[in-house]
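Asker: Sequence and computational prediction follow.
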2 protein chains.
Amino acid sequence: MACQDCGLDPMCSILEYAEEGSNVPEGVLLRRRKVARGETIFLKDDKFRSVFAVKSGSFKTYVPKASGQDQVVGFHVIGELIGMEGLSGLRYPYTARALQDSSVCELRMESLADTGYLLEELQQGIIKMLSTEVAFNHQLITTLIHQSADQRLAGFLLNLTRRLRARGMRQLEFQIGMSRSDIGSYLGLASETVSRVFTRFQKSGLIQLRHKRLRLLDLEGLREIAEH
Amino acid sequence: MACQDCGLDPMCSILEYAEEGSNVPEGVLLRRRKVARGETIFLKDDKFRSVFAVKSGSFKTYVPKASGQDQVVGFHVIGELIGMEGLSGLRYPYTARALQDSSVCELRMESLADTGYLLEELQQGIIKMLSTEVAFNHQLITTLIHQSADQRLAGFLLNLTRRLRARGMRQLEFQIGMSRSDIGSYLGLASETVSRVFTRFQKSGLIQLRHKRLRLLDLEGLREIAEH
DNA sequence: CGTCTTATTGAATTGTCTCAACATGCGTGG
DNA sequence: CCACGCATGTTGAGACAATTCAATAAGACG
């Protein structure tokens, strides 16, 4: 994906990331590291160091539960950020794991603070991103609370494509890296329910789904479901 | 309530609020305005101006729904902040209404930006508050998704007292300003269910509730319910 | 003191979960 | 490269918690 579609771009721009011979302090921005499927970039309660941007692939963030199954708290697709919540405390409040082979950029916040480099503009960017996140979560809460399984899943699919679109991915067909259980955990549904709804959507001709390959056939129909 | 227990205190402190003859710029911090029960301090989609701190009383924040009933997205008790989410966009994403006769302090963000007054420390404070909010919402989402009505309500009551305690209110008995519908909306339950659970809790000797006057009798029992 | 809103309680309905059986895909090692 | 085994996904039947609808009770407020 292109840097200008990336969630870190406001920061990277400030840091004049793109150029050779830029005067960005050493060690602040680490670019395009590969992360293999199943690998983690940080664990819950790790000391907070960096914010990551997904350059390719996708991640899930989750809180490991004693009860066995993890609580998924977010999915992060291309261009999105992971780990900002660590800013509040000293530690990350969740684990981040690659759902498929992926790559990330890393912004080392501590090095950044040390340098004092353009701190102010950067903070503006962080504030903006955080408050967007808060607004999104409010939306999510409302959705989860009052909506049926069909509505949640339709909304989830629409949200996912909207986010991919915002990052320049225009196709209606793509790989969903996450399992039915992951989706269920995130949406507060049993994995069986997710499966059932998918088949129902498929029978209604709203989507086409084989294994992990998803194609949205009727966006309008999905919207209809999500909103009523 | 005392200023040192208030959510705005990190900011106020920076602004040397307390002192006569301080050099805080004019018009940045408006102190202790009264708000009558049922009055709003801002409406959804109002242009963002200020962050408010509750000095007495309580507020609900909600998104008016076309479908008739409002979606409550938060309750704000003494010492807590309202309106930070407006920082992301130009507008508040919800309406804020006093549940009882209350008073607020107001921090005018635009005036503040104009003055450039101690902007950096202030931004640090905002970032901290926002990321705390994000973490809280993750917690809330997890709670709402996987918990029964009993668990949600027990958790809600415990959370409420914890927040009051954090602000110096040590009593186990207090007025809950919000209606059963408000609570239901917030927790994703029908108001009838809230009512039923309250009666159940009362019969088990966990709480005592008459009208709007609530007393927690068995914190340990509530914790037991909330966590299992 | 009467009216209007809010809360309580009951009975029937329903959507989702749980448990269970079966199918399919994927990766590994022979 | 194939076959085996394990993880993941699908489908069905029954259970149950919360909702909806409805009727009554209790407060709040002018």
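Answerer: Done, it's in.
Asker: touching DNA strand C at all, the helix or strand harbouring A:Thr132?
Answerer: Element membership for A:Thr132, per DSSP states H and E: helix A:119-146. No - Helix A:119-146 does not reach DNA strand C (C-beta under 7 Å from any atom of the strand); its nearest approach is 10.2 Å. For the C-beta atoms, the positions are set from N, CA and C on the backbone; glycine is no exception.
Asker: buried ones in the helix or strand just after that helix?
Answerer: Note on helix A:119-146: by DSSP H and E, the next helix or strand toward the C-terminus is helix A:149-166. Judged by neighbour count (16 or more other C-beta atoms under 10 Å in any protein chain shown), helix A:149-166 contains these buried residues: A:149-161, A:163-164.
Asker: Nearest to chain B among those residues?
Answerer: A:Arg152 (10.1 Å; C-beta to the nearest C-beta).
Asker: Excluding residues flanking it in the chain, which one is nearest the closest one?
Answerer: Among residues not flanking A:Arg152 along the chain, A:Leu187 sits closest, at 4.7 Å (C-beta to C-beta, 6 or more residues apart in numbering or on different chains).
Asker: still on that earlier bit, same for the helix holding A:Thr132, what does it pack against?
Answerer: Applying 3 or more C-beta pairs under 8 Å, 6 or more residues apart in numbering or on different chains; DSSP states H and E, one finds that helix A:119-146 contacts helix A:9-14, helix A:109-115, helix A:149-166, strand B:71-76, helix B:119-146.
Asker: Assign a three-state SS to A:Arg215, would you?
Answerer: Three-state call for A:Arg215 (DSSP: H, G, I helix; E, B strand; the rest coil): strand.
Asker: ok, back up a step: what is the burial count for the residue nearest to A:Arg152?
Answerer: 22 (other C-beta atoms under 10 Å in any protein chain shown).
Asker: Contact partners for it?
Answerer: A:Leu144, A:Ala149, A:Arg152, A:Leu153, A:Phe156, A:Val194, B:Ile145 (C-beta atoms under 8 Å, 6 or more residues apart in numbering or on different chains).
Asker: what pLDDT does the closest residue to A:Arg213 other than its chain neighbours get?
Answerer: Of all residues not flanking A:Arg213 in the chain, A:Gln175 sits nearest, at 6.2 Å (C-beta to C-beta, 6+ apart). A:Gln175 carries a pLDDT score of 88 in this model.
Asker: my read: A:Gln175 touches A:Lys212, true?
Answerer: Yes - the criterion here is C-beta atoms under 8 Å, and A:Gln175 meets it with A:Lys212 at 5.3 Å.
Asker: DNA strand C versus the closest residue in space to A:Phe59 that isn't next to it in sequence, what's the distance?
Answerer: Counting by C-beta to C-beta, 6+ apart, the nearest residue to A:Phe59 once its immediate chain neighbours are dropped is A:His76, at 4.4 Å. Distance of A:His76 to DNA strand C, computed by C-beta to the nearest atom of the strand, to the nearest Å: 21 Å.
Asker: ok, how many other residues are close to A:His76?
Answerer: By other C-beta under 10 Å, 24 other residues sit near A:His76.
Asker: And A:Arg200, by the same measure?
Answerer: Other residues within reach of A:Arg200, judged by other C-beta under 10 Å, total 14.
Asker: Using the three-state scheme, assign it.
Answerer: Counting by three-state DSSP, the backbone at A:Arg200 sits in helix.
Asker: ok, now which ones touch the nearest residue to it once chain neighbours are set aside?
Answerer: The shortest distance from A:Arg200 to any residue other than its chain neighbours is 7.2 Å, reached at A:Asp150 (C-beta to C-beta, 6+ apart). Each residue near A:Asp150 by C-beta under 8 Å, 6+ apart is listed here: A:Val197, A:Arg200, A:Phe201, A:Ile225.
Asker: between these, which is closest to DNA strand D?
Answerer: For DNA strand D, the nearest member of the contacts of A:Asp150 is A:Arg200. The distance, counting by C-beta to the nearest atom of the strand, is 8.4 Å.
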